[in-house]
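**Q** model the structure of this input:
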Amino acid sequence: MKTSYDCIPCFIRQALDAVRLATSDEKIHEQVLRGVLAAASKMNLDQSPPVMGQYIHKLIRELSGHDDPYKKIKDRFNNFALKLYPDLKQRIQSSSNPMDTAIRMAIAGNIIDFGVNSQLDRSVISDTIEQALSAQLFGNIDILCDSIDSAENILYLGDNCGEIVFDRLLIEQLPVHKVTFVVRGGPIINDATMADARETGMTELVTVMDNGSNIPGTVLEKCSKEFRECFAHADLIIAKGQGNYETLSSCKKNIFFLLKAKCPVISGHMGCEPGSFIVKRSS
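**A** Numbering: from 1, shown residues only. Predicted coordinates:
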């Protein structure tokens, strides 16, 4: 997916939100904003938005000396989601269609995205869960379920902290011996890393690997050789979130994107209404 003109203001907002988390020094705030504005004026709009996201957060780390500005937020939402986990698991187990409910839960977890919404309130998460359980989905869960049943090698591309717990609820419904869960290779926004996989129990459930990259998406040429080999051999890929859609939407693989359309650019690209809960197969 190419970068839209509408993405540019989003880059600026995200940069300011992140640098304010990293430091209270307004001189650094100005340096970051000027750097991002300069980079945005020269960027190749044929690239996907997460490429610019990587540049923004690299600049913030360098100027602030803070390796992971979102660390406290990540820990807070992992802990919040883990507290919800027992009740959500019970709701899945007691539902008439546990797989359908687990998929909807996983999509609901995608609301925990500080790249899009830096002011996320916990009540929004609870509301989104209830909406996801009753909403009409854009896409077809049955096709995804058929692919799960026939798959021998499932690669599950994770997205954000907190959300990773919702992914765990879905993965528990899958043939776990066939699943490899993927996290980012380094801190970027509130994306999940190996430390978060350990903290949320994912490493005890399935094989977990990082993709060797700290881009907030999956740009294959920037990922490790090990990850690219796993990607090539997977016969089903489940990709969570906006960044993975932006970077893989044109990839010719059996990929199902699970996300909530929080951004009008994404909903327009996918052909759905803003706010839709999405299960979309790559075309």
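**Q** show me how far stretch 94-107 is from its chain's centre.
**A** 19 Å (CA atoms, centre = their mean, to the nearest Å).
**Q** residues contacting it, please?
**A** 88, 91-92, 129, 132-133, 135, 137, 141, 144-145, 148, 166-167, 169-170, 172-173, 240, 258-260, 277-279 (CB atoms under 8 Å, 6 or more residues apart in numbering). In short, each C-beta sits where N, CA and C put it, glycine included.
**Q** of those, which belong to strands?
**A** 240, 258-260, 277-279 (DSSP state E).
**Q** so among those residues, which ones count as buried?
**A** Among the ones in strands among the contacts of stretch 94-107, those buried by neighbour count (16 or more other CB atoms under 10 Å) are 240, 258-260, 277-279.
**Q** give me the mean pLDDT for stretch 112-126.
**A** The average pLDDT within stretch 112-126 is 80.
**Q** ok, and for that stretch, which residues are buried?
**A** 112-116, 118, 120, 125.
**Q** can you pick out the most distant pair from those?
**A** By the measure CB to CB, Gly115 and Ile125 form the most distant pair in these, at 15.9 Å.
**Q** the protein: helices as residue ranges?
**A** 7-22, 26-42, 49-64, 71-93, 98-108, 122-134, 141-150, 163-171, 194-199, 202-205, 225-233, 241-248, 264-270 (DSSP state H).
**Q** so for Asn211, which of those sits nearest?
**A** helix 225-233 (4.4 Å).
**Q** for the closest one, packing partners?
**A** Under the contact criterion of 3 or more CB pairs under 8 Å, 6 or more residues apart in numbering; DSSP states H and E, helix 225-233 touches strand 179-183, strand 207-210.
**Q** and the angle from it to helix 241-248?
**A** 80 degrees (axes from the mean of the first three to the mean of the last three CA atoms, to 10 degrees).
**Q** give me the contacts around helix 225-233.
**A** For helix 225-233, contacts defined as CB under 8 Å, 6+ apart pick out 153, 155, 180, 182, 209-212, 220, 223, 237, 253.
**Q** now these: which count as buried?
**A** Neighbour counting by 16+ other CB under 10 Å classes 155, 180, 182, 209-212, 223, 237 among the contacts of helix 225-233 as buried.
**Q** any regions of the stretch 101-250 of the chain where pLDDT drops low?
**A** 117-119 (pLDDT under 70).
**Q** do you know which of the helices of the chain lies nearest Ile188?
**A** helix 49-64 (5.3 Å).
**Q** what about the closest one, distance to the chain center?
**A** 17 Å.
**Q** switch to numbering from 33
**A** Got it, first residue is 33 now, which makes that one helix 81-96.
**Q** other SSEs contacting that helix?
**A** helix 39-54, helix 58-74, helix 273-280.
**Q** hang on, the earlier thing: now render the buried residues of stretch 144-158 as TSV, adding distance to Gln46.
**A** Output for the buried residues of stretch 144-158, formatted as TSV (distance: CB to CB, whole Å):
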residue	distance to Gln46
Ile144	15
Asp145	11
Phe146	9
Gly147	6
Val148	8
Ser150	8
Leu152	13
Ile157	20
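**Q** residues near His301, how many?
**A** Each residue near His301 was counted by other CB atoms under 10 Å, and the total is 16.
**Q** re the thing from before, redo the helices of the chain as TSV? Include distance to Ile220.
**A** Shown next, in TSV, are the helices of the chain (distance: least, CB to CB, whole Å):
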stretch	distance to Ile220
helix 39-54	10
helix 58-74	15
helix 81-96	5
helix 103-125	11
helix 130-140	21
helix 154-166	21
helix 173-182	27
helix 195-203	14
helix 226-231	12
helix 234-237	18
helix 257-265	15
helix 273-280	9
helix 296-302	18
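**Q** make CSV out of the helices and strands packed on helix 257-265 and add distance to Glu94.
**A** Putting these into CSV (distance: least, CB to CB, whole Å) gives the following:
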stretch, distance to Glu94
strand 211-215, 23
strand 239-242, 22
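**Q** Ser281 is nearest to which of the ones you listed?
**A** That would be strand 211-215 among the helices and strands packed on helix 257-265, by CB to CB, at 17.2 Å.
**Q** for the closest one, which outside residues touch it?
**A** For strand 211-215, contacts defined as CB under 8 Å, 6+ apart pick out 185-190, 196, 199, 203, 223-226, 228-229, 234, 237-243, 259, 262, 266.
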